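Asks: Got a sequence here, can you build the structure:
(2 chains)
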2 protein chains.
Amino acid sequence: MTDVLVLTERELRAAVSLDLDAVDVVERAFAGLGAGGVVMPPILSMAIEERHAEVDVKTAYVPGLDGFAIKVSPGFFDNPKRGLPSLNGMMIVLSAETGIVQAALLDNGYLTDVRTAAAGAVAARHLAPATVRRAGVLGAGLQAELQIRALALVRTVPEVLVWARDPAKARAYTERMAASLSIPVRVADSPEAVVRGCDVVVTTTPSRTPLIEAGWLHPGLHVTAMGSDAPDKNELAPAVLARADRFVCDRRSQSAVLGELRSAIATGAVPEDWPVDELGEIVAGTKPGRRSADEITVCDLTGTGVQDTAIATHALRVARASGAGHVVEN
Amino acid sequence: MTDVLVLTERELRAAVSLDLDAVDVVERAFAGLGAGGVVMPPILSMAIEERHAEVDVKTAYVPGLDGFAIKVSPGFFDNPKRGLPSLNGMMIVLSAETGIVQAALLDNGYLTDVRTAAAGAVAARHLAPATVRRAGVLGAGLQAELQIRALALVRTVPEVLVWARDPAKARAYTERMAASLSIPVRVADSPEAVVRGCDVVVTTTPSRTPLIEAGWLHPGLHVTAMGSDAPDKNELAPAVLARADRFVCDRRSQSAVLGELRSAIATGAVPEDWPVDELGEIVAGTKPGRRSADEITVCDLTGTGVQDTAIATHALRVARASGAGHVVEN
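Replies: Now for the predicted structure:
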């Protein structure tokens, strides 16, 4: 008989917030990835064309943690027609000692939202300029909100510029953000205005054509591109990677298939064996972070299983300490 | 708010047995696989060397079913030293319409045991001779027991011969089986004695060297090899595949990597593009089953995601009808 702890989305939201604890937990997992010893297999991905849907499964074993997560992320893109969100899912946590199921985290994607934003904060902590005068964001959805809130955990953000394809969504974003961050948030006319006018830019769109051109890059700029997570998505023109002083990604093997490295290689903007630094190597200290105030840095985040294992074991620890959830005797 | 049904191993054992219902459910899923329309991605497999462990994740979308399963199968091979079983795991069931989590089946591998044995019955139904005088089994573990019980659902089995590397385990097997099936079960001296003395043989071992040689095959024999599910396992000598009149497998792409087709191709016993029939094609009627009383047939089962989706949706249907389980409001 073993006990399985079942936690609902409400209980998980109470246990885990997008705060420095979450950022530190995700940062330590990246350090493990950079230092070696992590086992992270390729993502299992199932496209269900007749449902206009895709299901991804991610996992990673991180030495030193007492559990590891397996995350199931379904995206059913006709759901909005039914008034339901496209993205859902859950995580299960297995014992790192025995493989026995410890917990089912029925988060409906909430923990993914948090760990994705937390990775943006980790990238900014190591790569963004020390002083940010203005931060920019492309896209006006949930991650546009969370990424800027995450950035504000590691840098003082005096002002935000937002651009989105739909101006009404950009305006709604300014209102939501002004309320939650109490700093000025303005709508920009174009992605170019965002890039030229900011020293940190986060791209959070599902775009299939590049939004940022290399000619707009300027000394001291840091760009985190977190929108692309599929072989048909692309937010940065291939020349952006070649033009930047540093290109960093969460996992080279994923960026080359699902992220910004894919189109840069495909178009010949960079060679197939282009050496890139991984975020985990920077966190672990084997590669430098930002090297000068003038450096132009780009970080591509595709989303990794280590982040899932990190946030899930963190959530389970917090929930257990507070006695949250429903124990199923199995 | 959606409801997630959590079912324990005890509740799942009460809901699902190894019976003709389970065999028919698995057979229909194979028919779907054979007819096309099924989406079944490659298995996600994570080897954790420092834990002497491996975790597999399987899934498949089967058109016509209202849900699909994602199965997590951890194997932690040091567990027996702690008095725990090596194999564990659970399944989750997602809505085929919306991807929303419908159920967590905390089966600790029970449903895998059932669907694996049920696939053996499907293979025997279509490929074993109509009249079985004696059935044989290599190995004396749980699948050795379940495979013979599954065979007995689709064929009259007057007598059983068992061989296992450890004679004590083979003797214990005869006692367990005599009690559950009330037919004579005898221990054989060698795999050769089993193959030569039986008209249906099921191999259920984790062997890494072949147990069955081609010279032992005889007219009318059917062999189901279900032990190999990894690139280092192998129960049949490569020449067995070439010598048989028919080689069938559950999924060619899996058999060529994890099953018996792998070593047959690697040793050159059969060409790399050797045409084989899949069990689903036979069930769907696009390929013939056994064609004559003298045919020598071999079926390799590596275990497929369609079986998991079939048994999980079946278990959920039965459990819901009986009001079993614990509903978590999420």
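Asks: what about A:Arg165, distance to chain B?
Replies: Distance, A:Arg165 to chain B, by C-beta to the nearest C-beta, to the nearest Å: 25 Å. Backbone N, C-alpha and C define where each C-beta goes, glycine included.
Asks: My error: substitute A:Gly259 in the last question.
Replies: Distance of A:Gly259 to chain B, computed by C-beta to the nearest C-beta: 19 Å.
Asks: can I see the domain layout of chain A?
Replies: As given by automatic domain parsing, the domain ranges for chain A are A:3-112+A:306-329, A:126-303.
Asks: Which of those domains sits closest to B:Asp21?
Replies: With respect to B:Asp21, and counting by C-beta to C-beta, the nearest of these is domain A:3-112+A:306-329 at 25.9 Å.
Asks: residues contacting A:Ala230?
Replies: Applying C-beta atoms under 8 Å, 6 or more residues apart in numbering or on different chains, one finds that A:Ala230 lies in contact with A:54, A:258.
Asks: which bits of the stretch 101-250 of chain A sit near chain B?
Replies: Within the stretch 101-250 of chain A, the positions lying close to chain B (C-beta under 8 Å from any C-beta of the partner chain) are A:101, A:104, A:106, A:108.
Asks: Sort out for me which of those are in strands.
Replies: A:101, A:104, A:106 (DSSP state E).
Asks: what residues are up against the last one?
Replies: This means A:Leu106. By C-beta under 8 Å, 6+ apart, the residues touching A:Leu106 are A:6-9, A:12, A:90, B:4, B:101, B:328, B:330.
Asks: 10 Å instead?
Replies: Counting by C-beta atoms under 10 Å, 6 or more residues apart in numbering or on different chains, A:Leu106 touches A:6-12, A:88-92, A:325, B:2, B:4, B:6, B:92, B:101, B:104, B:328-330.
Asks: if we can go back for a sec, among the residues of the stretch 101-250 of chain A next to chain B, which one sits closest to B:Thr304?
Replies: If you rank those by distance to B:Thr304 using C-beta to C-beta, A:Val101 comes first, at 22.2 Å.
Asks: mind listing what's buried in stretch A:218-236?
Replies: Along stretch A:218-236, these residues count as buried under the neighbour rule (16 or more other C-beta atoms under 10 Å in any protein chain shown): A:220-230, A:233-236.
Asks: okay, among those, which ones form the most distant pair?
Replies: Within the buried residues of stretch A:218-236, A:Gly220 and A:Ala230 form the most distant pair, 30.7 Å apart (C-beta to C-beta).
Asks: I'd like the average pLDDT over stretch A:307-323.
Replies: Stretch A:307-323 carries an average pLDDT of 97.
Asks: I'd like the distance from it to the chain centre, please.
Replies: 18 Å (C-alpha atoms, centre = their mean, to the nearest Å).
Asks: Is chain B within reach of it?
Replies: No - Stretch A:307-323 stays clear of chain B (C-beta under 10 Å from any C-beta of the partner chain), getting no nearer than 11.1 Å.
Asks: Buried ones in that stretch, by neighbour count?
Replies: Neighbour counts over stretch A:307-323 (16+ other C-beta under 10 Å) mark A:307-319 as buried.
Asks: Sort out for me which of these are in strands.
Replies: Among the buried residues of stretch A:307-323, the subset assigned to strands under DSSP E is empty.
Asks: for chain A, which spans come out with low pLDDT?
Replies: Applying pLDDT under 70 to chain A flags the ranges A:1.
Asks: which residue is nearest the centroid of it?
Replies: For chain A, A:Thr116 is the residue whose C-alpha lies nearest the centre (C-alpha atoms, centre = their mean; 2.8 Å).
Asks: thinking it is in contact with A:Glu145, fair?
Replies: No - judged on C-beta atoms under 10 Å, A:Thr116 makes no contact with A:Glu145 at a distance of 11.8 Å.
Asks: Overlap in contacts, these two.
Replies: A:18, A:204.
Asks: Next, the angle from the longest strand seen in chain A to strand A:101-106.
Replies: When chain A is parsed with DSSP E, its longest strand is strand A:67-76. Here the directions of strand A:67-76 and strand A:101-106 differ by 30 degrees (axes from the mean of the first three to the mean of the last three C-alpha atoms, to 10 degrees).
Asks: Can you dump the C-alpha atoms of strand A:67-76 in CSV for me?
Replies: Extracted in CSV, the C-alpha atoms of strand A:67-76 (Å, rounded to 0.1, in the frame of the first residue of the first chain):
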residue,chain,number,x,y,z
GLY,A,67,11.1,12.7,-7.2
PHE,A,68,10.7,13.3,-10.9
ALA,A,69,7.8,14.5,-12.9
ILE,A,70,6.1,13.3,-16.0
LYS,A,71,4.1,16.0,-17.6
VAL,A,72,1.2,15.6,-20.0
SER,A,73,0.4,18.7,-22.0
PRO,A,74,-2.6,18.4,-24.4
GLY,A,75,-3.4,21.2,-26.7
PHE,A,76,-6.8,20.9,-28.3
